[in-house]
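Q: Need a 3D model of the following:
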Amino acid sequence: MAASVLQLLELGLHGAAFLCGIVCASALTVAQGEFGGRCLLYGSVGWNGSALVPKAFSPGSLCHFVSGVSVVVALGSFSALLYGLTACCTHRAPWDRVWLSVALGVTIIILFFLLVSACVVRVGLDTLCASLVQTQSVRSCQEAEKKPWGSYRPRRFYRNLYSAQGAAWVNFFLWCLLSVRLLLLRCSEPPGGGGETEAILGGAARRGGGGGGGGRGMRRWGGRHR
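A: Below you'll find the predicted structure:
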């Protein structure tokens, strides 16, 4: 049986979610690297007359949380992609009713963490940009990339943080679509096991009946022989 359009769409969503997770984690890590591994989200910046100077950084665990969620979800997307490809190549159904319920529960947990991480990046970047504009040395956060930064030399920190934010929200949207797909599959899947069990038991009964008929035939043959 060839893969259906919905199966191919699901594989495409998992592939896109994998790429978004990698982009978010890598962009955030590069932005941290421009500031010596420190997390600039929710940070505050001042102006000393000749250069921008970070006055406060966020705990590194904040950026590590967002990167960790992105990487874990990316690995989950990649695993689901490989599983779906294997199911298509071996011509077997990728999910049954029990696994659909488990996958739907895991997807809801993933959506929660993706929403939290996307909000962290969004609010953290807005807080940083507001602090930069308040210095009155720049009119926008993007313009701050062209200003001197004291002991740091960031060149793409805003673009990296903006890319991480965009990838996080796109990833959340993709997993929303995947959850809808799983929910539709879960609702359309009939209760499993009944038909198979009846078929097996029916076949066993027919085989048992055939065996009994063979025994009666042997008894009749034995009676005639005597």
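Q: elements contacting the strand or helix carrying Asp126?
A: Element membership for Asp126 (DSSP states H and E) is helix 97-134. The elements that helix 97-134 packs onto, with contact taken as 3 or more CB pairs under 8 Å, 6 or more residues apart in numbering; DSSP states H and E, are helix 5-33, strand 39-47, helix 60-89, helix 157-188. Backbone N, C-alpha and C define where each C-beta goes, glycine included.
Q: ok and the longest one relative to strand 39-47, angle-wise?
A: Angle of helix 157-188 versus strand 39-47, following axes from the mean of the first three to the mean of the last three CA atoms, to 10 degrees, is 150 degrees.
Q: Okay, buried residues for helix 157-188 please.
A: Within helix 157-188, the residues that count as buried by 16 or more other CB atoms under 10 Å are 157-158, 160-175, 178-179, 181-182, 185.
Q: Low-confidence bits of the chain, can you list those?
A: By pLDDT under 70, the low-scoring segments of the chain are 1-3, 91-97, 189-226.
Q: I figured Cys88 hits Glu10, correct?
A: No - judged on CB atoms under 8 Å, Cys88 makes no contact with Glu10 at a distance of 10.3 Å.
Q: Neighbour count: these two, which is higher?
A: Glu10 (21 against 17; other CB atoms under 10 Å).
Q: Can you tell me the centre-most residue of the chain?
A: Nearest to the mean C-alpha position of the chain, by CA atoms, centre = their mean, lies Val73 at 4.0 Å.
Q: So it versus Pro148, what's the distance?
A: Using CB to CB, to the nearest Å, Val73 is found at 37 Å from Pro148.
Q: ok, now Leu52?
A: On the measure of CB to CB, Leu52 and Pro148 end up 7 Å apart.
Q: Check Phe65 too.
A: Taking CB to CB, one finds Phe65 at 31 Å from Pro148.
Q: So for these two, which residue has more residues nearby?
A: With neighbours defined as other CB under 10 Å, Phe65 and Pro148 compare such that Phe65 has more, 16 against 12.
Q: picking that back up, pull out the buried positions in the helix holding Asp126.
A: 100, 103-104, 107, 110-111, 113-114, 117-118, 120-122, 124-125, 127-129, 131-133.
Q: Also stretch 140-147?
A: Under 16+ other CB under 10 Å, the buried positions of stretch 140-147 are 141, 144-145, 147.
Q: if we can go back for a sec, how about the residue nearest to the centre of the chain: what's its closest non-neighbour residue?
A: Gly21 (4.9 Å; CB to CB, 6 or more residues apart in numbering).
Q: and if you look at Val23?
A: Ala167 (4.2 Å).
Q: swap in Phe113?
A: Val69 (4.9 Å).
Q: I'd like to know how many residues surround that neighbour.
A: 23.
Q: just Gly60 next, same as before
A: Every residue meeting other CB under 10 Å relative to Gly60 is counted, giving 12.
Q: OK, contacts around the residue nearest to it when sequence neighbours are not counted?
A: Nearest-residue entry for Gly60: Cys39, 5.2 Å, with adjacent residues in sequence omitted and distances by CB to CB, 6+ apart. Counting by CB atoms under 8 Å, 6 or more residues apart in numbering, Cys39 makes contact with 32, 57-60, 62-64.
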